[in-house]
Each structure stands twice: as structure tokens, then as C-alpha cells.
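Peer 1: I need the structure of the sequence given here:
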Amino acid sequence: MMRKVKIMFNISFKIFENDGAVEKEINGADGYFQFEICDETYGILITENIDEFSVSIYWWLNYFLEAVLILKTENYVLISDIEKPKIWIELLKEKSLVNMSKVTADKPEGSGAIETKEMPNLIHQYWKDKRISYEILKTEVVNKTKLYIEELKVLNNELNKDILHLESLIVEVEK
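Peer 2: Numbers count the residues shown, from 1 in each chain. Take a look at the predicted model:
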């Protein structure tokens, strides 16, 4: 008898408070960001706060929200790991499923953190085609971003433009 494999996608983060954040910056933008898909993990999440390992939680969640929004109408999105020169997370939608892969590709002059076309010299040299449903991806991204926003509101003015931006993206995704 075959057992059904549990489809899994999970986002985790740990905020580093930045008491020295100037007024226009958002306190809590950086920290650890990690996601797990099926049997693969991307990012780092450890108990000690080590600045060298911190990344922008804000931008990771922002880009995942944008990718989920794009996948409503299109079938292909690349999310750039802005911390690494040639690493992208590739999302390929087929009907109600999304295949996620960690790939290397060039980041040509003028390319953004989110792309909807394949980048030059794209190679699947890491994990490939980890499959989840679009709804699971969307729900996890939205729920973890809402949790992140709640934590940001404790550290910042609720009307901070970056918080408002994430909230407006959630509204678009949930339409």
C-alpha cells in the first residue's frame, strides 16, 4: 500500500532588532530567512544572531508575494537571491501546481529581483522541480508575511511605508 507523501512548504524567519534604524528605515528588516520545500531547505535559521548570516526578511517576503501575484496570471517567475551573485529560485506553474527549483543563471545588467523570463545560462545544478500546490504556496507566503507585519508593527510606526507596501501586496494576492 502506498502512503501519500505530505506536500510541504514552510517559511521561517527570525528578526534582528535594529535600535539604530534611522526614521526612514524599517526596524526589523533583516535577520534570518529560511524556507523548506519537500525535503530541501534554503537559507539559514540558527539561535545566535550573527550579522554576517543575516539577510533581508523584508525583501524575501516582498519578492515571494510578488511572485505569487505574478503566478496568478503567468506560469514562470524567477526570484533573485539578492545576496548571492548567480542564484535564483525558479517557480514554474502548471495548472494548480508550482515546481520550485534552485538554479544558477547570469544576472544581466538591468535585470530585476523578479523576472518572468528565463535568464541567460540557466542551469539546474541544485534541487529541481520540488512540487507544491499554488494554494499552499500562496497561503504560506501570505500567512508568514502577516505574522512578519505584526512583528514589524511592534518595532515601528504602523503607518511605515514599508509595512503599508507589504499590506497592499497581500490585498492584491488575496483578491
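Peer 1: hey, let's count contacts and neighbours off CA atoms from now on
Peer 2: Will do.
Peer 1: Would you map the strands across the chain?
Peer 2: 9-15, 30-37, 40-43, 55-56, 76-80, 87-94, 97-104, 114-115, 130-133 (DSSP state E).
Peer 1: could those be laid out in JSON lines, adding mean pLDDT and distance to residue 67?
Peer 2: Shown next, in JSON lines, are those (pLDDT from 0 to 100; distance: least, C-alpha to C-alpha, whole Å):
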{"stretch": "strand 9-15", "mean pLDDT": "95", "distance to residue 67": "15"}
{"stretch": "strand 30-37", "mean pLDDT": "94", "distance to residue 67": "15"}
{"stretch": "strand 40-43", "mean pLDDT": "93", "distance to residue 67": "17"}
{"stretch": "strand 55-56", "mean pLDDT": "91", "distance to residue 67": "17"}
{"stretch": "strand 76-80", "mean pLDDT": "96", "distance to residue 67": "6"}
{"stretch": "strand 87-94", "mean pLDDT": "96", "distance to residue 67": "8"}
{"stretch": "strand 97-104", "mean pLDDT": "96", "distance to residue 67": "11"}
{"stretch": "strand 114-115", "mean pLDDT": "94", "distance to residue 67": "7"}
{"stretch": "strand 130-133", "mean pLDDT": "94", "distance to residue 67": "14"}
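Peer 1: Among these, show me which one is buried the most.
Peer 2: strand 76-80 (a mean of 23; mean count of other C-alpha atoms under 10 Å).
Peer 1: number of nearby residues for residue 51?
Peer 2: 11 (other C-alpha atoms under 10 Å).
Peer 1: So for it, what's the nearest residue that isn't a sequence neighbour?
Peer 2: residue 31 (7.7 Å; C-alpha to C-alpha, 6 or more residues apart in numbering).
Peer 1: who does that neighbour bridge with?
Peer 2: Taking DSSP bridges as the rule, residue 31 bridges to residue 15, residue 55.
Peer 1: That one contacts residue 57, correct?
Peer 2: Yes - with contact defined as C-alpha atoms under 8 Å, residue 31 and residue 57 form a contacting pair (6.2 Å).
Peer 1: list the residues that contact both of the two?
Peer 2: 13, 15 (C-alpha atoms under 8 Å, 6 or more residues apart in numbering).
Peer 1: that older thread, mind listing what the residue nearest to residue 51 touches?
Peer 2: 13-16, 49, 51, 53-57.
Peer 1: Residues contacting the longest helix anywhere in the chain, please?
Peer 2: In terms of residue count, the longest helix belonging to the chain (DSSP state H) is helix 134-155. Contacts to helix 134-155, defined as C-alpha under 8 Å, 6+ apart, come from residues 9-12, 17, 27-28, 61, 64-65, 68, 93, 96-98, 158, 163, 166-167, 170, 173.
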